[in-house]
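> Test case, fold it:
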Amino acid sequence: MNTISSTGGYSFIGSGLKNTISSPKSSIVGGDTNTIDVHSDRSFIGGGALNKIQSPQGTIAGGDSNLIEVNADHSFVGGGFVNSIESPYGTIGGGKTNKILTDANHPTRYGFIGGGDSNVISFDTKFGNNNWYSAITGGFDNKIEEEGSFIGGGFHNHIEEDNSVIGGGIKNLCLSSSESSVIGGGDTNTIAGKLAVIGGGAHNSTNSAFSLVGSGFFNSISGGAPFSVISGGDSNIIENISNPPLSTSHSFIGGGQFNIIRSQYDVIAGGDSNLIDVGDFPSRYNFIGGGLQNRVDPGCDWNVVGGGRFNHQGGALSVIGGGESNTIFDECIYGVITGGRKNYIGNQTHQHLGQAENLSFIGGGDTNTINSKWDVIGGGVRNHIESNSDFSFIGGGDTNHIQTDHSTISGGEMNLIRNNGVNGAGTFATITGGQDLIAQSYGQTVTGVFNNARGSATENNFQTNAHRDEQLLIVGNGTASTRSNAFEISYNGHATTYDQNGTGILVTPGFRSAFIGTTYQDNVINAWADVDGTTFAPTVTSDFGVASVVRAPGKVGVYIVTLNIKDPSTATPSAFTLTQASITATIENNTDTSTVGGCGHIEVSKIGFPAVNQFVVRTYDHTSTDCATDNKKFMFKVVGR
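Numbers count the residues shown, from 1 in each chain. Next up, the predicted model:
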């Protein structure tokens with residue numbers, strides 16, 4: 001039997017069983033044991049069973065055991081099972097055990113649950129705030145506790161803050177500090193910062209305002225990192241761990257895995273286990289493109305690591321393009337390592353000494369090192385520019401070494417530019433290439449192999465008497481066991497050759513042909529002089545390589561010539577002993593024009609008589625017939641070895 005009570009005036013029950021109306025102007029079309037209670041005027045139940053309305057102007061279209069409770073006026077349940085509404089203007093389209101809850105002080109108005117199972121729109125149980133205008137489209141066990149929020153579907157999703165959205169997924173959570181935030185979907189994602197977004201993925205979280213995690217797995221943005229973004233990837237972190245706290249804002253991780261940013265305005269595009277760290281000072285405006293275990297040190301700003309692995313950026317405004325285990329250290333400014341392996345720009349101690357080494361470049365190669373400023377190593381292996389060697393260059397090669405400033409080694413192997421213990425020596429020196437060459441004097445150029453190291457001039461003294469004969473150019477032609485030079489040019493312009501051609505006699509063992517136009521040590525003039533032997537003490541009017549010309553004691557027309565020649569092959573030039581020589585001498589006659597006369601002539605002794613580097617000159621009278629020696633003017637030249 002259906003029942004309309006005495007308080008149910010103008011009400012209607014169309015059919016069904018045990019339906020009851022106790023409020024005026026209400027209707028039950030049909031069904032079983034549906035109830036419109038007192039104070040529920042103008043309400044409607046279409047059908048179903050055990051549905052109940054306890055507020056005015058409520059509607060239950062059908063279903064089973066649905067309830068519109070007291071103070072839930074103007075609410076609607078479309079159907080489903082055990083759905084209930086406790087607040088006014090609520091809607092549950094259908095589903096099972098969905099609830100729109102409220103309490104006396106904090107009504108939950110205008111809530112909407114489209115369907116699903118065990119979804120709840122509730123007032124804020126933590127802070128007691130109102131919850132108006134929220135909606136859950138469907139899903140299972142989803143819950144909204146703050147106003148203006150939305151859950152599209154999924155299950156076990158939960159919103160605790162105003163104006164937030166969870167599109168779907170599972171176990172996603174917008175916490176009480178996540179005002180106006182969005183989780184698109186995914187699994188177990190959490191927001192605890194306002195105006196933040198997680199697009200999807202699993203186990204992603206952000207605790208900072210205005211931040212974004214696009215997707216991925218176990219990505220995290222900690223508190224104190226507003227305006228930061230992780231696009232995706234696995235286990236990437238933007239975190240604020242400094243003490244006292246420093247901002248980690250405006251940072252970005254594009255993807256990859258296990259990448260970490262701990263400072264602000266930084267970017268890691270991708271890769272694996274890359275780190276931009278923080279210490280007493282932030283590390284700002286840095287970029288890591290990708291790769292494996294690349295890092296930027298605390299307190300380092302405006303740096304780039306393009307990729308590679310195990311690269312270490314400790315500079316400022318510096319770049320490591322890629323490669324493996326390359327390092328820019330101790331706040332080096334404007335340093336560049338393009339690539340390669342184990343290349344290093346920084347102070348020689350490898351200890352933190354503060355900002356010092358600047359504007360240096362390593363192109364590539366392996367284990368190249370710069371410890372100074374404004375230097376370049378193009379490539380190669382184990383090349384090294386030491387401290388206090390500014391503006392120097394090594395092009396490439398193996399184990400080349402510069403210890404002075406403004407110096408150049410183009411390439412080769414085991415070459416060295418040094419000052420050899422003299423301050424200022426070796427600067428502006430050049431080694432063109434070759435093997436095991438040494439340059440050690442100002443502006444010196446060395447080429448070839450295994451040269452004999454010579455010179456110690458500096459910029460301030462290379463033109464002085466003490467250094468002008470030292471070597472500006474050296475061509476080495478030695479071996480690992482015996483160093484030697486083939487050719488040298490001095491600061492004052494003389495050239496020295498070290499090749500002795502030797503004999504050309506065909507029957508002599510070791511003979512050599514002489515090359516036309518070629519200079520050898522034994523075909524150059526070692527000494528010459530113009531001598532006036534008519535004076536009491538012979539006068540040398542001009543000469544080259546002559547120490548003295550004296551008259552033999554008690555003799556007329558007999559002269560002893562002593563040469564002044566040095567051995568350039570020794571570090572400190574010493575006297576050179578000629579053991580063989582060709583000596584040419586002539587008598588000078590500027591007055592006698594006759595074609596007749598006596599037997600006047602000149603002769604010389606062998607070199608080394610009467611002593612080392614000496615020879616004897618004898619001049620004879622040409623105006624008489626007795627052929628006696630006489631004091632004359634004469635000239636000579638010496639070629640020897």
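> Listing request: residues of the stretch 251-400 of the chain with sub-threshold pLDDT.
331, 348-357 (pLDDT under 70).
> where do the strands sit along the stretch 351-500 of the chain?
Assigned by DSSP state E, counting those that start in this stretch, the strands in the stretch 351-500 of the chain fall at 361-362, 369-370, 376-377, 384-385, 393-394, 401-402, 408-409, 416-417, 430-431, 438-439, 445-449, 471-477, 485-490, 495-497.
> How about residues contacting the first one?
This means strand 361-362. Outside of strand 361-362, the residues within contact range by Cβ atoms under 8 Å, 6 or more residues apart in numbering are 326, 335-338, 340, 343, 345, 368, 370, 375-377, 379. From N, CA and C alone the C-beta is placed, and that goes for glycine too.
> so residue 377 touches residue 370, yeah?
Yes: contact criterion Cβ atoms under 8 Å: residue 377 and residue 370 qualify, at 6.1 Å.
> anything in contact with each of the two?
Common contacts of residue 377 and residue 370 (Cβ under 8 Å, 6+ apart): 362, 385.
> Where does pLDDT dip in the stretch 101-250 of the chain?
Confidence mapping of the stretch 101-250 of the chain against pLDDT under 70 gives the ranges 125-129, 242-246.
> what residue is smack in the middle of the protein?
With the centre of the chain defined as its mean C-alpha position, the nearest residue by Cα atoms, centre = their mean is residue 320, 2.0 Å away.
> List the contacts of that residue.
Residue 320 makes contact with 294, 303-306, 308, 311, 313, 326, 328, 336-337 under the criterion Cβ under 8 Å, 6+ apart.
> can you check residue 123 too?
Contacts of residue 123 by Cβ under 8 Å, 6+ apart are 101-103, 106-108, 129-131, 145.
> Residue 381 now?
365-368, 397-399.
> How about it: which residues does it bridge to?
Bridge pairing for residue 381 (DSSP bridges) gives the partners residue 366, residue 398.
> distance of it from residue 409?
Distance from residue 381 to residue 409, counting by Cβ to Cβ, to the nearest Å: 13 Å.
> list residues touching both of the two?
Listed as contacting both residue 381 and residue 409 by Cβ under 8 Å, 6+ apart are residue 397.
> that older thread, now list the buried members of the contacts of residue 123.
101-102, 106-108, 129-131, 145 (16 or more other Cβ atoms under 10 Å).
> Export these to CSV and append columns for distance to residue 155 and secondary structure.
Below are the buried ones among the contacts of residue 123 laid out as CSV (distance: Cβ to Cβ, whole Å; DSSP: H, G, I helix; E, B strand; the rest coil):
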residue, distance to residue 155, secondary structure
101, 19, coil
102, 23, coil
106, 26, coil
107, 27, coil
108, 21, coil
129, 25, coil
130, 26, coil
131, 20, coil
145, 17, coil
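> which residues does the closest residue to residue 380 other than its chain neighbours contact?
Leaving out its chain neighbours, the residue that sits closest to residue 380 by Cβ to Cβ, 6 or more residues apart in numbering is residue 396, at 3.7 Å. Applying Cβ under 8 Å, 6+ apart to residue 396 gives the contacts 365, 377-380, 383, 410-411.
> Of these - the most surrounded one?
residue 377 (30 neighbours; other Cβ atoms under 10 Å).
> who does that one bridge with?
Assigned bridge partners for residue 377, using DSSP bridges, are residue 362, residue 394.
> before we move on, the earlier item: and the two most separated of the contacts of residue 320?
Farthest pair in those (Cβ to Cβ) is 294 and 336. Separation: 15.4 Å.
> between the two, who's got more neighbours?
The neighbour comparison of residue 294 against residue 336 (other Cβ under 10 Å) goes to residue 294, with 29 against 20.
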